[in-house]
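In: structural data only, the sequence is not supplied:
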């Protein structure tokens, strides 16, 4: 099993194309399925220990992977049962089913096991799960237990059996996962849209998802990512390349014996009507490693290492400024507009955040000749680029091209896009980041990265990584001030 940091992200179509290229080179579909099923079996064996395993097989190739995994697990001495939604529909899945010599239960009648493996549907699902019976409208799968009675299965697990009528696929999947000690999804939890990250049906939250061959957008985009649990990649012998990758830890320069405050990067932050926001951005830039940070505008108080100065054309003209942050607490009045315009013509690399994003148009940003990084949350993104039903990756890519800037589309599934088409997606962020000021901290951290002349995409990625890592180091209910301070530990981490 491979950690996914830095790994390529492929859509369903791109994954099919990668597999087709291998098949065109002489590798059969059955061979690829054998590789996938064997890799799944070895991963499950490592985790299952001496526990029994129940594998749920669907009618497509994901189900075929499940049949092979079951066969290989039995060969390893693991007690395995298989339950199927229906008979296999593809030739490769039929061949895999033929290789399984054990019984096949129906999904509706399957009793639980300590280890559950969901191989019902993987990538390419385009409609909600449906077994022919339909859950009661407006009732979530978590409420399905209202129609179920509890009993003990032969292995002693508490089990919810249907009291009336046939259970839907979703209800069966939830009941079996809830009864298991460990639930594992093959490629994707059944019910998720591969490319958009939408939940076509609401699956249970799995402990682990085994990505086959490549990471998929749904492993990272919300809401799908929350159902995947931990994600590990399995190598199935399919070479993959993509302009989209999972965000990885940055390699950042450390100060040397010849370093001084300016070689470590000078960041200027423009204050606005809410000086606390710009204070946070400035503190974050310092804690992220900048050698010199100046706050331009009305502000006072610690830290004393922060250089505070009035906002003047002279202060803004300092050619040592390596990155200029504008937007945190800026406001939307005439003074805010004046300061934004001064920043735009300053000829300094820019991080544009917060309310500044509501005072500017993509065309104005595109006309700039300096590196620009935009850091909108969803509301700011809609205000700047308009609303759309496209997925978050497509929207971020389009925005980056329209503005000719690196776009950090913030959220629990932050997507970072460059005008050249490169995309990096951060793994699931801490829910405790949903508090005032954390975006200001991110802007300051990215400013520190840009000030040392990193490539704008690399600077944005480094800032996002440090921001997320700082959040992971904190206890629940932290505030933005805590987060800015925690950047110090994140920056010092190897």
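Out: Structure's in. What do you need? A quick note: this is a predicted structure, and the numbers were derived from the prediction, not measured. Numbering: from 1, shown residues only.

In: can you give me the neighbour number for residue 299?
Out: Neighbourhood size, residue 299 [other C-beta atoms under 10 Å]: 18. C-beta coordinates here come from the backbone N, C-alpha and C atoms, glycine included.

In: outside of stretch 250-263 itself, list whatever touches it.
Out: Around stretch 250-263, the neighbours that count as contacts under C-beta atoms under 8 Å, 6 or more residues apart in numbering are 264, 289, 291-292, 320, 449, 452, 458, 461-462, 465-466, 491.

In: rerun at 7 Å
Out: Contact partners of stretch 250-263, identified using C-beta atoms under 7 Å, 6 or more residues apart in numbering, comprise 264, 291-292, 320, 452, 461-462, 465.

In: try stretch 325-338
Out: When contacts are taken as C-beta under 7 Å, 6+ apart, the neighbours of stretch 325-338 outside the stretch itself are 267, 269-278, 280-281, 339-340, 343, 350-359, 440, 443-444, 447.

In: please enumerate the helices of the stretch 251-400 of the chain.
Out: Applying DSSP state H, counting those that start in this stretch to the stretch 251-400 of the chain gives helices spanning 275-287, 313-316, 334-344, 362-366, 378-385, 392-403.

In: the nearest residue to residue 102 once chain neighbours are set aside in helix, strand or coil?
Out: The shortest distance from residue 102 to any residue that is not its chain neighbour, by C-beta to C-beta, 6 or more residues apart in numbering, is 6.3 Å, and that residue is residue 82. Following DSSP: H, G, I helix; E, B strand; the rest coil, the label given to residue 82 is strand.

In: my read: residue 82 touches residue 70, true?
Out: Yes: taking contacts as C-beta atoms under 7 Å, residue 82 lies within contact range of residue 70: 5.1 Å.

In: the two - which one has more neighbours?
Out: Neighbours were counted for residue 82 and for residue 70 using other C-beta under 10 Å; residue 70 has more, 31 against 25.

In: now do the contacts for the more buried one.
Out: Contacts of residue 70 (C-beta under 7 Å, 6+ apart): 55, 80, 82, 100.

In: hang on, it in a strand?
Out: No: secondary structure assignment places residue 70 outside any strand; it is helix (three-state DSSP).

In: return the most buried member of the helices of the stretch 251-400 of the chain.
Out: Compared across the helices of the stretch 251-400 of the chain, helix 275-287 shows the largest average neighbour count, a mean of 28 (mean count of other C-beta atoms under 10 Å).

In: mind giving me the packing neighbours of that helix?
Out: Taking 3 or more C-beta pairs under 7 Å, 6 or more residues apart in numbering; DSSP states H and E as the contact definition, the neighbouring helices and strands of helix 275-287 are strand 266-270, strand 292-296, helix 438-451, helix 480-492.

In: next one: it to chain centre, how far?
Out: Offset of helix 275-287 from its chain centre (C-alpha atoms, centre = their mean, to the nearest Å): 26 Å.

In: residue 103: how many residues sit nearby?
Out: Here the count is done by other C-beta under 10 Å, and residue 103 has 8 residues near it.

In: got phi/psi on it?
Out: Main-chain torsions, residue 103, degrees, to the nearest 10: phi -70, psi 160.

In: how near is it to residue 96?
Out: Plainly put, residue 103 is 16 Å away from residue 96 if you go by C-beta to C-beta, to the nearest Å.

In: same deal with residue 201?
Out: Here the distance between residue 201 and residue 96 works out to 24 Å (C-beta to C-beta).

In: ok, those two, which is more surrounded?
Out: Between residue 201 and residue 96, counting by other C-beta under 10 Å, residue 96 is the more crowded of the two (27 against 20).

In: distance-wise, check that one relative to residue 106.
Out: Between residue 96 and residue 106 the distance is 18 Å, computed by C-beta to C-beta.

In: quick one: contacts for residue 230?
Out: Taking C-beta under 7 Å, 6+ apart, one finds 207-208 in contact with residue 230.

In: any idea what it is bridged to?
Out: residue 208 (DSSP bridges).

In: which residues sit against stretch 451-469?
Out: By C-beta under 7 Å, 6+ apart, the list of residues contacting stretch 451-469 from outside reads 247, 249-250, 252-253, 264-267, 288, 290, 322-323, 371, 373, 406, 408, 414, 416, 418, 422, 424, 426, 429, 441-442, 445-446, 449-450, 487, 490-491, 493.

In: let me see the contact set for residue 37.
Out: Listed by C-beta under 7 Å, 6+ apart, the contact partners of residue 37 are 65, 68-69, 72, 96.

In: in the stretch 1-150 of the chain, which spans are helices?
Out: When secondary structure is read from DSSP H, counting those that start in this stretch, the stretch 1-150 of the chain shows helices at 12-24, 29-48, 61-75, 91-98.

In: tell me the SS of residue 416?
Out: Each residue gets one of three states, and residue 416 gets strand by three-state DSSP.

In: now do the residue lying closest to it once chain neighbours are set aside against residue 403, distance only.
Out: Nearest residue to residue 416, sequence neighbours excluded (C-beta to C-beta, 6+ apart): residue 424, at 4.5 Å. Here the distance between residue 424 and residue 403 works out to 17 Å (C-beta to C-beta).

In: now swap in residue 7 and tell me
Out: Distance from residue 7 to residue 403, counting by C-beta to C-beta: 28 Å.

In: what does the domain assignment say about the chain?
Out: The chain breaks down into these domains under automatic domain parsing: 12-245, 266-492.

In: possible to save the ones you listed as JSON lines with distance to residue 3 and mean pLDDT?
Out: What follows is these, written out as JSON lines (distance: least, C-beta to C-beta, whole Å; pLDDT from 0 to 100):
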{"stretch": "domain 12-245", "distance to residue 3": "7", "mean pLDDT": "87"}
{"stretch": "domain 266-492", "distance to residue 3": "10", "mean pLDDT": "96"}
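
In: okay if I get the ones you listed as a markdown table plus distance to residue 1?
Out: What follows is those, written out as a markdown table (distance: least, C-beta to C-beta, whole Å):
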| stretch | distance to residue 1 |
| --- | --- |
| domain 12-245 | 4 |
| domain 266-492 | 16 |
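
In: against residue 220, how distant is the closest residue in space to residue 349 that isn't next to it in sequence?
Out: With C-beta to C-beta, 6+ apart as the criterion, residue 349 has its nearest non-adjacent residue at 4.3 Å, and that residue is residue 371. Relative to residue 220, residue 371 is positioned 26 Å away (criterion: C-beta to C-beta).
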